[in-house]
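>>> Quick check, what structure comes out for this input:
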Amino acid sequence: METNKPKLTIRNLHKRFGELQILRGVNFEVFSQEVIVIIGPSGSGKSTLLRCINGLEGINDGQIFIDEAVIEYTPASLQKVRQRIGMVFQSYNLFPHLTVMENLLLAPLKVQKKTKAEVLPRAEELLKQVGMSDKADSYPSQLSGGQQQRVAIARSLVMNPEVILFDEVTSALDPERVRDVLDVMKALAHTGTTMIIVTHEMGFGRDVGDRIIFMDQGVIVEQGPPEQIFGNPQEERTRQFLRNVM
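Now for the predicted structure:
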């Protein structure tokens with residue numbers, strides 16, 4: 001893991017929806033090839049944080065840097081940011097009228113202006129990587145939730161993002177489908193992909209995370225390596241949360 005300059009820097013981030021304060025001065029850095037796992041109760045600001053990083057939500061105060069360049073919340077800037085920072089959502093967001101392969105090819109062809117000949121080998125490789133090669137010509141309605149989520153991961157990867165954000169990607173799945181998606185994410189973590197993962201799957205977070213961030217009420221309460229956060233948390237609020245979920 002590179003430890004000189006951060007890939008992402010989140011500095012004093014504040015986000016409000018009307019009078020409701022969601023993020024209250026969040027600060028942390030993400031280094032290249034690092035896997036950050038964010039845990040915490042519902043409503044603590046985890047998903048909103050990811051949406052701010054990807055530019056899907058504006059911010060009220062603070063700054064986000066990718067490498068050392070500040071993210072500007074303008075349409076032209078955000079289009080470039082989203083090519084560098086991919087995101088996989090709870091809902092798969094696949095286009096129902098397109099096949100699996102067409103879903104993968106759409107953004108590289110339309111946004112990155114690549115040719116099909118340039119993109120197809122990479123798309124085929126990624127479908128193989130997520131165990132979906134045999135479904136390239138299937139439509140989303142013909143797939144299980146877990147299969148759709150694996151396609152969504154491949155679709156994000158085909159843009160060759162520098163960072164991928166995962167927003168509780170297993171929360172909408174049947175329990176028996178969760179393992180397939182987590183296995184794909186574990187394999188990704190082992191390839192050196194820079195990842196920020198919001199999850200309720202504590203065992204998975206402990207296995208894949210280089211660093212665990214515990215959030216509550218819009219702030220980072222505690223962060224550290226998995227063995228510290230799960231084995232010897234320093235803050236009473238962290239201990240209380242983990243007692244309730246593990």
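>>> Tell me where this structure has helices.
Taking DSSP state H as the criterion, the chain carries its helices at 46-53, 75-84, 100-110, 116-129, 145-157, 175-190, 202-208, 226-231, 236-245.
>>> mind giving me CSV with these and columns for mean neighbour count, mean pLDDT and distance to Gln217?
To be clear about C-beta, it is placed using only N, CA and C from the backbone, and glycine gets the same treatment. Compiled in CSV, the helices of the chain are given as follows (neighbours: other Cβ atoms under 10 Å; pLDDT from 0 to 100; distance: least, Cβ to Cβ, whole Å):
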stretch, mean neighbour count, mean pLDDT, distance to Gln217
helix 46-53, 23, 95, 11
helix 75-84, 14, 85, 27
helix 100-110, 20, 93, 36
helix 116-129, 15, 93, 38
helix 145-157, 24, 92, 29
helix 175-190, 17, 86, 27
helix 202-208, 18, 92, 20
helix 226-231, 16, 96, 18
helix 236-245, 14, 94, 9
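>>> Tell me which of those lies nearest to Met215.
With Cβ to Cβ, the closest approach to Met215 among the helices of the chain belongs to helix 46-53: 5.5 Å.
>>> same for the closest one, what does it pack against?
If contacts are counted by 3 or more Cβ pairs under 8 Å, 6 or more residues apart in numbering; DSSP states H and E, helix 46-53 sits against strand 8-17, strand 20-30, strand 35-39, strand 163-167, strand 195-198.
>>> run the last query once more with 6 Å
With contacts taken as 3 or more Cβ pairs under 6 Å, 6 or more residues apart in numbering; DSSP states H and E, helix 46-53 sits against strand 163-167.
>>> And the strand it packs on, what does it pack against?
Using 3+ Cβ pairs under 6 Å, 6+ apart: strand 163-167 touches helix 46-53, strand 85-88, strand 195-198.
>>> Need the ones you listed in TSV (columns: distance to Lys135).
What follows is the helices and strands packed on strand 163-167, written out as TSV (distance: least, Cβ to Cβ, whole Å):
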stretch	distance to Lys135
helix 46-53	27
strand 85-88	17
strand 195-198	24
